[in-house]
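[1] heads up, no residue letters with this:
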């Protein structure tokens, strides 16, 4: 009897008798023929049970199967074009490993709170598994992209005494007799590492203690933050469009089944190739006003503005060089217009909003000190960060790409809470 | 004039004039010949300045160069076997981009506290960069290993209401009007995901609020934690030895220069191939007692015990099936000896100690509840975790590999604080 590593490999075992273990996804009976759909993590397969071919005990055991019972199933692998995955099992034997009574998630509508309360089980559903497989592919593609280009991965700290982009929205931690804060970004540390290693990237969780309850906010989310010595803002945007196109391409190449299962319009994703359109902030404001937005020069784009831009362009669009007062202190003053800074936000199409924020960093010590003071931030907290401008300052740029927002766009999910295994939100720490 | 992407690529530009930007690592002068070693993150290269071939202004600028000044250097690429990297630059022009006065880290002995206070600059030193490059390779190898074997990456939450292995050693976070705790492990969440996706792994930071001040403890460290449906303890150990051998092999294959620079005895690493020796806990205790340890049956191994084992075996060694009272509540009772549980620790050779802890998980609901109560843990905190045994329970196993301890062993560093970019310890949150 063949030992198969999983349902995924059945194609190599046609005609053989195999043993599979997994969970019951559905069952149905047609008189003397019964069907079970089995999930084992590598795929799903249909088992067909003929009453006349199995003993009465197997037939009875089949009758007792409930959703998410774990079973061991022995039978012959057959090609069957109409079955999900293209193969089916002619069942000879069936053993119940773990019963499942009153499984909370039934094939009917459940409210989002109920599903989130049962996230540890909800992950077993086909849609959620498909999203997780796309996330897996996107994350591996991120790591491959940077490694293949000579970037060094740098894991920056979560526990930090410094204050990132500002004091608001920080989670406070009791750190022995001291206080620490959960990192909102690894960028400042990434800048230090770029002076040592040239091109680096961070990849890890970041935290925002924001009381926002939108479908685009999590309190804990994953970011990839590359930082490149000797890159200016233009180089930075080129890398961003290359990365985003690569991630979409990998999902299309290796997760087509999942995207189709999720009902994603794949033709929209196929348009995501470099270069992406670029709009100066001032031009973006004028365009948005023409389309009915109330945005005024000087403020950041709102979610409705991002939706408008996302409906005008088929590709992600850069909005670049925002007014100083709308952006963080570390962004480099724009020599062409000192009211603005050298930065960009990348807005995904179809209303999926901002997925990247990037900038060239202020490399002039005096100007950086002035910006910190202008924004009323505590200069002493940035001692080591200022050192990077004291000892061999250098042109450098970087950006942060939000993993959940990117996966939400690629999979076409309106809520980013479905794109992370266990979402953390304002009123949600469980499970 | 050729634009090169970095020092790493000089080999393709021999005979050409190139422009490089980077930091001054060392300078020296021999009469009318001067040398500068430049670092740009992709490598280091020596520039040679002949007084008679450059203008007096370039010669003077050269004289003003100090450690970590950032410069732009123009010149011709030449092969030079004696130079680091095999090439050198015949300098024609030199421009100072960012001065560096009184750089804190000078080529002399500095104490560890001083260096850790200047970690943002210390990372620029050759040893620290070499360690970071090995870490980068090990981390990429981890991700490749699991992806190539069909494991799905699952990012488990850092902010959690549940209590992992127990209430001690947890960092507490103000979570709006609630309290959260920083995850000590992603395992429990990984188990839920394994029921959905079969074979999964987590890869992220974990936290222990332990007041230990040893060279093997950090309060924040990275772990990879695979969890496999249908794996028993034996399958689990096979995967561990395969993973560890793969990581060492990748470091040997792609970081030989770095390991040699760090003075690592590479012949020791070349011995790390499967299978690894396995010792039952009871046999390990007897062996340790023969070697002078005071360990008694029932307690966990101490650091000196790990050192003894690491000196007896040339390969990492498994110690398996520990007494229940020495291990966490979720480990499966050993059918062959119910005083013990089905688990393993993997001890690295040469005194580098434990790098993996793994176990088969208790899949029986009643026994798991009893273990939680025996250990005085609050049953209500494990509601969703118990659901995994209520709805289709399944044989499963997993383990956690500590990234810093593994990198410390591979690079031969006695202190794990040098194996993470910005270490967090009992009295260290800065920089």
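    Received, thanks. Keep in mind it's a predicted model, so treat the numbers as computed, not measured.
[2] can you give me the helices for the stretch 151-300 of chain A?
    Per DSSP state H, counting those that start in this stretch, the stretch 151-300 of chain A carries helices over the ranges A:187-197, A:233-254, A:256-261, A:266-270, A:281-290.
[3] Ok, which of the ones you listed comes nearest residue B:354?
    Between residue B:354 and the helices of the stretch 151-300 of chain A, the shortest separation by C-beta to C-beta is 28.1 Å, and it involves helix A:187-197. In short, each C-beta sits where N, CA and C put it, glycine included.
[4] Please name the residues that touch the residue lying closest to residue A:279 once chain neighbours are set aside.
    Nearest non-adjacent residue to residue A:279, counting by C-beta to C-beta, 6 or more residues apart in numbering or on different chains: residue A:319, 5.2 Å away. By C-beta atoms under 8 Å, 6 or more residues apart in numbering or on different chains, the residues touching residue A:319 are A:279, A:281, A:284, A:301, A:309, A:344, A:345, A:347.
[5] Secondary structure class of residue A:319, three-state.
    strand (DSSP: H, G, I helix; E, B strand; the rest coil).
[6] That one bridge partners, please.
    Taking DSSP bridges as the rule, residue A:319 bridges to residue A:279, residue A:345.
[7] Residue of the stretch 51-200 of chain A nearest chain B, please.
    With C-beta to the nearest C-beta as the measure, residue A:198 is the residue of the stretch 51-200 of chain A nearest to chain B, at 1.7 Å.
[8] sorry, back to before: quick check: which of the helices of the stretch 151-300 of chain A is buried the most?
    helix A:187-197 (a mean of 26; mean count of other C-beta atoms under 10 Å in any protein chain shown).
[9] helices and strands around that helix, which ones?
    Counting contacts by 3 or more C-beta pairs under 8 Å, 6 or more residues apart in numbering or on different chains; DSSP states H and E, helix A:187-197 packs against strand A:199-207, strand A:220-229, helix A:383-390, strand A:396-402, helix B:119-122, helix B:126-148.
[10] what's the average pLDDT for that helix?
    On average, the pLDDT along helix A:187-197 is 97.
[11] Show me where the stretch 1-150 of chain A dips below the pLDDT cut-off.
    A:1-4 (pLDDT under 70).
[12] what about the helices in it?
    Using DSSP H, counting those that start in this stretch, helices in the stretch 1-150 of chain A cover A:56-63, A:112-117, A:119-122, A:126-148.
[13] Ok, the stretch 301-431 of chain A next?
    Using DSSP H, counting those that start in this stretch, the helices found in the stretch 301-431 of chain A span residues A:303-312, A:365-374, A:383-390, A:403-411.
[14] average pLDDT across the last one?
    Helix A:403-411 shows an average pLDDT of 98 in the prediction.
[15] what angle do it and strand A:396-402 make?
    Put simply, helix A:403-411 runs at 60 degrees to strand A:396-402, going by axes from the mean of the first three to the mean of the last three C-alpha atoms, to 10 degrees.
[16] helices and strands around helix A:403-411, which ones?
    Applying 3+ C-beta pairs under 8 Å, 6+ apart, we find helix A:403-411 packed against helix A:126-148, strand A:220-229, helix A:233-254, helix A:256-261, strand A:343-348, strand A:353-360.
[17] will you turn these into a markdown table that also has distance to residue A:367?
    Formatted as a markdown table, the helices and strands packed on helix A:403-411 follow (distance: least, C-beta to C-beta, whole Å):
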| stretch | distance to residue A:367 |
| --- | --- |
| helix A:126-148 | 30 |
| strand A:220-229 | 19 |
| helix A:233-254 | 16 |
| helix A:256-261 | 46 |
| strand A:343-348 | 15 |
| strand A:353-360 | 12 |
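[18] of the ones you listed, which approaches residue B:418 most closely?
    Using C-beta to C-beta, the nearest of the helices and strands packed on helix A:403-411 to residue B:418 is strand A:220-229, at 21.3 Å.
[19] buried residues in the closest one?
    Neighbour counts over strand A:220-229 (16 or more other C-beta atoms under 10 Å in any protein chain shown) mark A:220, A:221, A:222, A:223, A:224, A:225, A:226, A:227, A:228, A:229 as buried.
[20] Determine if any part of that strand is in contact with chain B.
    Yes. Under the criterion of C-beta under 8 Å from any C-beta of the partner chain, chain B is reached by strand A:220-229 at A:220, A:222, A:229.
[21] What residues does the stretch 1-150 of chain A have near chain B?
    Close to chain B, as judged by C-beta under 8 Å from any C-beta, the stretch 1-150 of chain A has residues A:5-6, A:8, A:21, A:23-24, A:40-42, A:68-70, A:97-101, A:103, A:118, A:120-121, A:123-124, A:128-129, A:132-133, A:135-136, A:139-140, A:143, A:147, A:150.
[22] Give me the buried subset of the residues you listed.
    A:6, A:8, A:21, A:23-24, A:40-42, A:68-70, A:97-100, A:103, A:118, A:120-121, A:123-124, A:128-129, A:132-133, A:135-136, A:139-140, A:143, A:147.
[23] so what's the closest residue to residue A:393 other than its chain neighbours up against?
    Computed as C-beta to C-beta, 6+ apart, the closest residue to residue A:393 that is not its neighbour in sequence is residue B:98, at 3.5 Å. Residue B:98 sits next to A:363, A:389, A:391, A:392, A:393, A:394, B:69, B:70 when contact means C-beta under 8 Å, 6+ apart.
[24] beta partners of residue B:98?
    residue B:70.
[25] Got the domain ranges for chain A?
    A:7-98, A:119-419 (automatic domain parsing).
[26] which one of those is the most hemmed in?
    domain A:119-419 (a mean of 20).
[27] what lines up beside the longest strand seen in chain A in the sheet?
    For chain A, the strand with the greatest residue count under DSSP state E is strand A:17-30. Strand pairing for strand A:17-30, using DSSP bridges, gives strand A:2-3 (parallel), strand A:33-39 (antiparallel), strand A:70-79 (antiparallel).
[28] would you turn the ones you listed into a markdown table with distance to residue A:62?
    Shown next, in a markdown table, are the strands paired with strand A:17-30 (distance: least, C-beta to C-beta, whole Å):
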| stretch | distance to residue A:62 |
| --- | --- |
| strand A:2-3 | 23 |
| strand A:33-39 | 5 |
| strand A:70-79 | 9 |
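[29] between those strands, which one is nearest to residue A:294?
    strand A:33-39 (49.4 Å).
[30] roughly how far is the closest one from the heart of the chain?
    33 Å (C-alpha atoms, centre = their mean, to the nearest Å).
[31] Can you name the residues of the stretch 201-350 of chain A sitting close to chain B?
    When proximity is defined as C-beta under 8 Å from any C-beta, the stretch 201-350 of chain A approaches chain B at A:204, A:205, A:207, A:209, A:211, A:219, A:220, A:222, A:229, A:230.
[32] give me that answer again for 6 Å
    A:205, A:220, A:222, A:229, A:230 (C-beta under 6 Å from any C-beta of the partner chain).
[33] Nearest to residue A:52, out of these: which one, please.
    The closest of those, once distances to residue A:52 are taken by C-beta to C-beta, is residue A:222, at 53.1 Å.
[34] which one is the closest one nearest to, not counting chain neighbours?
    Per C-beta to C-beta, 6+ apart, closest to residue A:222 is residue A:403, 3.9 Å.
[35] any idea how far that neighbour is from residue A:143?
    From residue A:403 across to residue A:143, the span is 11 Å (C-beta to C-beta, to the nearest Å).
[36] cool, and residue A:215?
    Residue A:215 is 27 Å from residue A:143, where distance means C-beta to C-beta.
[37] for residue A:105, same thing?
    32 Å.
[38] again, but for residue A:195
    Counting by C-beta to C-beta - residue A:195 and residue A:143 are separated by 23 Å.
[39] follow-up on the earlier one: between the helices and strands packed on helix A:403-411, which one is closest to residue B:333.
    That would be helix A:126-148 among the helices and strands packed on helix A:403-411, by C-beta to C-beta, at 31.2 Å.
[40] List the contacts of that closest one.
    For helix A:126-148, contacts defined as C-beta atoms under 6 Å, 6 or more residues apart in numbering or on different chains pick out A:122, A:201, A:224, A:243, A:246-247, A:250-251, A:254-255, A:258, A:261-262, A:407, A:411, A:418-419, B:140, B:143, B:147, B:152-153, B:196.
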